[in-house]
Structure formats: structure tokens, C-alpha cells
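Student: only geometry, no sequence info:
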């Protein structure tokens, strides 16, 4: 039978061991949380209300911090229409927008993240947004909002209006586009992007 001192020693060692194990568990949990990659985050289900924007992994932190900001990227600058648009002889400077965002209803748009290079899914991100009143679609010579209504002008930046006749020429038939900043619903890359794309294979 244990003496009183031995009993206290036994309980003390057992208690400290238990506390140590608890501390290790807490530390490991925090470490896993801080180092968590996207494999531990739920993959969203594809929805008709989603639109997609492909970008490079190098833009990940910027998009996380500020969302999607309209600009003229390499894809746009590589078009003939961009040259006409920037020429004041063809387009009035007062009717020009400072940038545009393009979207697709097809998640394969991730491949546009490597304009001029070989697409590498490990270096790409796919930004998901929900359709909203600041996104439009060009169909032929007409422009429609996300409710299917034909529009004659586009309200952007809250107060500015642009006639459909003056939209940039590099916006083509079938394009979803916006002149406004967009808040991502989700940003997919790595294993989550690969897992998400499996829904379409």
C-alpha cells in the first residue's frame, strides 16, 4: 500500500502528465490550424448562380484582401479591340472605363490564369462569385442583366452610367463582365480546385 508521500507523488506526476498531454494537444491543434491548407476546407457544390474568374496563384493574397478589382489584364491588352479602345480618335475618353472583369459560367476559365504560357493548375486559382446586379452578359449586339432583362445602359461605380453602344469592343458575344469590384464567394486552388473540377468531369 502506498504511503501518503508516495500517493501525492503519484498523483502529482499523473496530473502533470495529463496537463502536458493537454498542452501538447492544444499546441498541435493551433499548429494545424495555422498551417491548414485547402484540403481541410469543404469544397462547394456547383450552382447555376455561380460565375468563375481564373487568375494566377501570385494574385491570391491580393484577391483575399481586396477582392476582384477591374483592370485591363494581359488577355485584354493582347486584343486588337484594346488598341482601338485606348485610341481617343475612336472612343471618347469620357466614355471609357478604367478596367473590366470577365467571368464564365464554365469553371475551366481557371486556364486563363496563364495567358501566353502553358496552363498549370497548381499555379492557378479559381475565384467564384455569385451572379449579381453589377454583372452583365453580352449576347449578340445586346447586353442583359443577370435576371435576363435587356439593358440600354450600365450603372457602375454606383453613380456612373455607360451606354451599351459604348462598351469596350473587346467584350465579345457570350462574355459575362462587370465594371465593378466583386467580392469572392470562394477562392479555390490546389486540391480544392482539383476536387471542385471533378464535378464537371
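Tutor: That came through, no problem. Not measured: the values here are computed from a predicted model. Numbering: from 1, shown residues only.

Student: Need phi/psi at residue 76.
Tutor: Per-residue torsions, residue 76: phi -70, psi -50 (degrees, to the nearest 10).

Student: Next, the contact list for the spatially most central residue of the chain, please.
Tutor: Centroid-nearest residue in the chain, with Cα atoms, centre = their mean: residue 127, separated by 2.1 Å. Contact analysis of residue 127 by Cβ atoms under 8 Å, 6 or more residues apart in numbering lists 52, 53, 54, 55, 63, 68, 184, 186, 187, 188. Backbone N, C-alpha and C define where each C-beta goes, glycine included.

Student: Residue 80 versus the residue nearest to it when sequence neighbours are not counted, what's the distance?
Tutor: For residue 127, ignoring the flanking residues on the chain, the nearest one in space by Cβ to Cβ, 6 or more residues apart in numbering is residue 53 at 4.4 Å. Distance of residue 53 to residue 80, given as Cβ to Cβ, to the nearest Å: 23 Å.

Student: repeat for residue 72
Tutor: Taking Cβ to Cβ, one finds residue 72 at 14 Å from residue 80.

Student: can you check residue 176 too?
Tutor: Residue 176 is 21 Å from residue 80, where distance means Cβ to Cβ.

Student: Counting neighbours, go ahead and name the busier of those two.
Tutor: residue 176 (21 against 9; other Cβ atoms under 10 Å).

Student: what's near enough to touch the nearest residue to residue 67 once chain neighbours are set aside?
Tutor: Among residues not flanking residue 67 along the chain, residue 183 sits closest, at 4.9 Å (Cβ to Cβ, 6+ apart). Going by Cβ under 8 Å, 6+ apart, residue 183 touches 67, 68, 129.

Student: any chance you could map the helices in this protein?
Tutor: Applying DSSP state H to the chain gives helices spanning 4-34, 60-66, 74-77, 80-86, 190-197.

Student: Which one of those helices has the poorest average confidence?
Tutor: Mean pLDDT per stretch puts helix 4-34 lowest among the helices of the chain, at a mean of 52.

Student: coming back round to it: can you pick out the ones from the contacts of residue 183 that are in strands?
Tutor: With DSSP state E as the criterion, strands contain residue 129 from among those.

Student: Report the buried members of the contacts of residue 183.
Tutor: Buried members of the contacts of residue 183, counted by 16 or more other Cβ atoms under 10 Å: 68, 129.

Student: would TSV of the contacts of residue 183 with distance to residue 92 and pLDDT be doable?
Tutor: Output for those, formatted as TSV (distance: Cβ to Cβ, whole Å; pLDDT from 0 to 100):
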residue	distance to residue 92	pLDDT
67	29	97
68	27	97
129	30	98
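
Student: nearest to residue 45, of the contacts of residue 183?
Tutor: Ranked by distance to residue 45 (Cβ to Cβ), the contacts of residue 183 are led by residue 129 at 15.5 Å.

Student: Determine the number of other residues adjacent to the spatially closest residue to that closest one that is not a sequence neighbour.
Tutor: In this structure, residue 129 finds its nearest non-sequential neighbour in residue 182, 4.9 Å apart by Cβ to Cβ, 6+ apart. As a burial measure, residue 182 scores 21 neighbours (other Cβ under 10 Å).
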